[in-house]
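> I need the structure of the sequence given here:
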Amino acid sequence: MASIPATTESLSHALDIKDTDPAEAISILRQIIENPSSSSEAIRVKEQAISNLSDLLTQEKRGEELRSLLTLIRPFFLLIPKAKTAKIVRGILDAVAKIPGTTDLQISLCREMVEWTRLEKRTFLRQRIEARLAALLMETKEYSEALTLISGLVKEVRRLDDKLLLVDIDLLESKLHFSLRNLPKAKAALTAARTAANAIYVPPAQQGTIDLQSGILHAEEKDYKTGFSYFFEAFEAFNALEDPRAVFSLKYMLLCKIMVNQADDVAGLIASKAGLLYMGVELDAMKAVADAHSKRSLKDFEDALKTYQAQLEEDPIVHRHLSSLYDTLLEQNLCRLIEPYSRVEISHISDLIGLPMETVEKKLSQMILEKKFAGTLDQGAGCLIIFDDPKPDGIFSSTLETISNISKVVDSLYLKSAKIMA
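Numbering: from 1, shown residues only. Predicted coordinates for the structure are as follows:
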């Protein structure tokens, strides 16, 4: 086959047929890139061909061919500036990320490119690929490896004082520590990200990400009002950019309202102008939880968890808070049911609350141990015996007060006798 020249005409021909014959278009673009010509015009055409080929391969969902393209064009990188090389590499990595189910391929590709950048001494590009690799490792729950990679990267980037990359890395470190349930370190990394962000211009999307992480950490500390404020800031940023993360920010705003017993506000937020734009299964899930909470109905709560399992159970942030809410709701319902009794069968409480007997028995024993009420479980008879609240005996406090007063008198007498002796 005759080699196709790296000219504008060849490129235009490939683009003309990309919709009708994508396979032929891919073949032409690949031949343009492989053309040995290195004139300024040929280099410009090849750059466009690489961009178009990566878009076409993404459209056709050919992840492995994008990987081979990145290997194919390595000699071409020697002919162009390092900044353009970085742009092309990141563009191809972004293209692979758009193809569903390619996480393992992305990790493998990032590892390959890190090795190549080390050999070529392209520090700037390597640091960004390593940051991307750490994010991918976090997605696949390889937390220890991601943290090791990030720790070395933070030190290196701080020395170079690359503030924009430092914000990315500190933010990623905060997410990693949060995933590992290390809240103090997550907060420290987020503070470092905010400090670096204050010194430079941060793109709105990045600022929204910082606010979203701040909201998550405040919610984790049960400071739901502050968390709501941060989620609102993140929502406004993502909404303006039409970023898909806007719906998650709104979802977490609704979660904060539910957690501070303001579930009635949820319907108003969903019906607002901004909320109507994101109507869908995510908001329906939160509305179902809010309705169950308003009715204090455990059955409705459990039904919501089953119906919207993907939106509630599989979202780690929502799941953590709803578990706490479920426990609180269960305790309130149990206390209300056992209040009229001094002795009651556990099976009767189980029937009233609509939960399995084992679950009720386990929760009651936990509440007794945590001193939520005074009582004991008679497992032989299958009964709960509730004691009257013990009245505090005033003799102990009176005795302690008397001893304290005697101590003061003795001290006073000692000081007086010391003065007389002097």
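
> From the chain's centroid, how far away is the strand or helix carrying G208?
Assigning secondary structure by DSSP states H and E places G208 in helix 204-220. Chain-centre distance of helix 204-220: 9 Å, with Cα atoms, centre = their mean, to the nearest Å.

> list the helices and strands it packs on?
The helices and strands touching helix 204-220, judged by 3 or more Cβ pairs under 8 Å, 6 or more residues apart in numbering; DSSP states H and E, are helix 163-179, helix 183-198, helix 224-241, helix 246-259, helix 316-338. In this view, the C-beta of every residue, glycine as well, is placed from N, C-alpha and C.

> Let me know which of the ones you listed is the nearest to S294.
When the helices and strands packed on helix 204-220 are compared by Cβ to Cβ, helix 246-259 sits nearest S294, at 9.2 Å.

> relative to helix 204-220, how tilted is that closest one?
20 degrees (axes from the mean of the first three to the mean of the last three Cα atoms, to 10 degrees).

> for the helix or strand that helix 246-259 is followed by, what is the average pLDDT?
Downstream of helix 246-259, the first helix or strand assigned by DSSP H and E is helix 264-271. Averaged across helix 264-271, the pLDDT comes to 86.

> residues contacting the nearest residue to S249 once chain neighbours are set aside?
Using Cβ to Cβ, 6 or more residues apart in numbering and skipping residues adjacent in sequence, the residue nearest S249 is F235, 3.8 Å away. Applying Cβ atoms under 8 Å, 6 or more residues apart in numbering, we find F235 in contact with A246, S249, L250, M253, A274.

> Of those, select the buried ones using a ChimeraX command.
Command for ChimeraX that selects the buried part of the contacts of F235, burial taken from 16 or more other Cβ atoms under 10 Å:
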select :246,249,250,253
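
> can you list the contacts of F235 in CSV and add distance to K121 and pLDDT?
Putting the contacts of F235 into CSV (distance: Cβ to Cβ, whole Å; pLDDT from 0 to 100) gives the following:
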residue, distance to K121, pLDDT
A246, 41, 91
S249, 41, 92
L250, 45, 92
M253, 47, 92
A274, 48, 80
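
> Closest one of the contacts of F235 to S398?
Nearest to S398 among the contacts of F235: M253, at 52.2 Å, using Cβ to Cβ.

> was I right about the closest one contacting L269?
Yes - here M253 reaches L269: they are 6.6 Å apart, a contact under Cβ atoms under 8 Å.

> which stretches of this protein have low pLDDT?
Low-confidence segments of the chain, defined by pLDDT under 70: 1-3, 389-393, 422.

> longest helix in the chain, by residue count?
helix 394-421 (DSSP state H).

> Buried residues in that helix, which are they?
Under 16+ other Cβ under 10 Å, helix 394-421 has no buried positions.

> Check stretch 25-41 too.
A25, I26, I28, L29, R30, Q31, I32, I33, E34, N35.

> again with stretch 250-267
Neighbour-count burial for stretch 250-267 flags 250-259, 262-263, 266 (criterion: 16+ other Cβ under 10 Å).

> ditto for stretch 280-292
E282, L283, A285, M286, K287, A288, V289, A290, D291, A292.

> Distance of the last one relative to S151?
Counting by Cβ to Cβ, to the nearest Å, the separation of A292 from S151 is 43 Å.

> Ok, the fifth one next?
When distances are taken as Cβ to Cβ, K287 and S151 turn out to be 42 Å apart.

> With the first one instead?
E282 sits at a distance of 34 Å from S151 (criterion: Cβ to Cβ).

> With the fourth one instead?
Using Cβ to Cβ, one obtains 36 Å as the distance from M286 to S151.

> now swap in G375 and tell me
Distance from G375 to S151, by Cβ to Cβ: 51 Å.

> How about M138?
Separation of M138 from S151 (Cβ to Cβ) stands at 13 Å.

> So which of those two has more stuff around it?
Using other Cβ atoms under 10 Å as the criterion, M138 and S151 rank with M138 on top: 20 against 14.

> Leaving out chain neighbours, which residue sits closest to the more buried one?
Using Cβ to Cβ, 6+ apart, the nearest residue to M138 is A146, at 4.8 Å.

> Was I right to think that neighbour contacts A134?
Yes - A146 lies in contact with A134 (Cβ under 8 Å); the separation is 4.6 Å.

> Now do the shared contacts for the two.
By Cβ under 8 Å, 6+ apart, the residues touching both A146 and A134 are L176.

> Which strand or helix spans the residue nearest to M138?
With DSSP H and E as criterion, A146 is part of helix 143-160.

> in that helix, what's buried?
When burial is assessed from 16+ other Cβ under 10 Å, helix 143-160 yields the following buried residues: A146, L147, L149, I150, L153, V154, E156, V157.

> Any chance of JSON lines for those residues, columns distance to I403?
Below are the buried residues of helix 143-160 laid out as JSON lines (distance: Cβ to Cβ, whole Å):
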{"residue": "A146", "distance to I403": "59"}
{"residue": "L147", "distance to I403": "55"}
{"residue": "L149", "distance to I403": "62"}
{"residue": "I150", "distance to I403": "58"}
{"residue": "L153", "distance to I403": "62"}
{"residue": "V154", "distance to I403": "57"}
{"residue": "E156", "distance to I403": "63"}
{"residue": "V157", "distance to I403": "62"}
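
> any idea which of the residues you listed is the one closest to N405?
Nearest to N405, judged by Cβ to Cβ, of these is L147 at 58.0 Å.

> Next up, the contacts around the closest one.
E173, L176, H177, L180.

> Kindly recompute the last result at 6 Å.
L147 makes contact with L176, according to Cβ atoms under 6 Å, 6 or more residues apart in numbering.

> And it, how close does it get to K185?
Applying Cβ to Cβ, the value for L147 to K185 is 10 Å.

> Over to A193?
Distance of A193 to K185, computed by Cβ to Cβ: 13 Å.

> Compare the two (neighbour count), which wins?
Under the criterion of other Cβ under 10 Å, the comparison of A193 against K185 puts A193 first, with 25 against 15.
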